[in-house]
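K.L.:
coordinates only, no sequence provided:
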């Protein structure tokens, strides 16, 4: 039988290492295009939510306002985004993708597809789907934890465990 704590620790390190290596190699792959992964990430997000206020963009990306502002500055100087004052509240700056960026994003998507194909090379489709399902479940559990709720399966196990714990406590007291 697998020693659970060692396996859990190994899984955490493996997830971290794969994520770190993917980020590092992705930056290398994008370098010839003159864009960083962080810039690509912000640009791709804006392209899906065009016209988002800059402060809301920072919140949704979970990045500081100053950091997202600096990324948008670089994207703006490259001609990929423009900032426009909100028509109702002139203090609010909305960020829009330019026509130039749309063409560039197509090129980026092709490069990303090639990159991802290299990463999964030699891995069976069923294995990839299983890994994806497991990571998605972990993501849902983490999101549930972040807003103070328990994952459904944990709620069920705690609900069944609570009466058992009370019974054990009564037996020990007796």
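P.N.:
Cool, got the structure. These numbers were taken from a predicted model, which means no experiment stands behind them.

K.L.:
so what's the residue nearest the centre of the chain scoring on pLDDT?
P.N.:
Centroid check for the chain by C-alpha atoms, centre = their mean gives residue 61 as the closest residue, at 8.5 Å. At residue 61, the pLDDT value in this model is 90.

K.L.:
begin at 232 from here
P.N.:
Done: numbering now begins at 232, and the last item shifts to residue 292.

K.L.:
please report how far it lies from residue 367.
P.N.:
From residue 292 across to residue 367, the span is 20 Å (C-beta to C-beta, to the nearest Å). Quick note: C-beta positions are derived from backbone N, CA and C, even for glycine.

K.L.:
what sits against the residue nearest to the centre of the chain?
P.N.:
For residue 292, the contact set (C-beta atoms under 8 Å, 6 or more residues apart in numbering) comprises 272, 273, 276, 299.

K.L.:
then residue 335?
P.N.:
Contact partners of residue 335, counting by C-beta under 8 Å, 6+ apart, are 264, 266, 274, 311.

K.L.:
and the nearest residue to the last one once chain neighbours are set aside, how many neighbours?
P.N.:
By that I understand residue 311. For residue 311, ignoring the flanking residues on the chain, the nearest one in space by C-beta to C-beta, 6 or more residues apart in numbering is residue 332 at 3.8 Å. When neighbours are counted by other C-beta atoms under 10 Å, residue 332 registers 21.

K.L.:
just the buried positions in the helix or strand residue 332 falls within, please.
P.N.:
Element membership of residue 332 [criterion: DSSP states H and E] is helix 330-350. In terms of neighbour count (16 or more other C-beta atoms under 10 Å), helix 330-350 has its buried residues at 332, 335, 336, 339, 342, 343.

K.L.:
can you pull out the strands in the chain?
P.N.:
Here the chain has its strands, by DSSP state E, at 283-284, 312-316, 324-328.

K.L.:
now mean neighbour count, distance to residue 356 and mean pLDDT too, for those, in a markdown table please.
P.N.:
Formatted as a markdown table, the strands of the chain follow (neighbours: other C-beta atoms under 10 Å; distance: least, C-beta to C-beta, whole Å; pLDDT from 0 to 100):
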| stretch | mean neighbour count | distance to residue 356 | mean pLDDT |
| --- | --- | --- | --- |
| strand 283-284 | 17 | 35 | 92 |
| strand 312-316 | 15 | 36 | 95 |
| strand 324-328 | 19 | 33 | 94 |
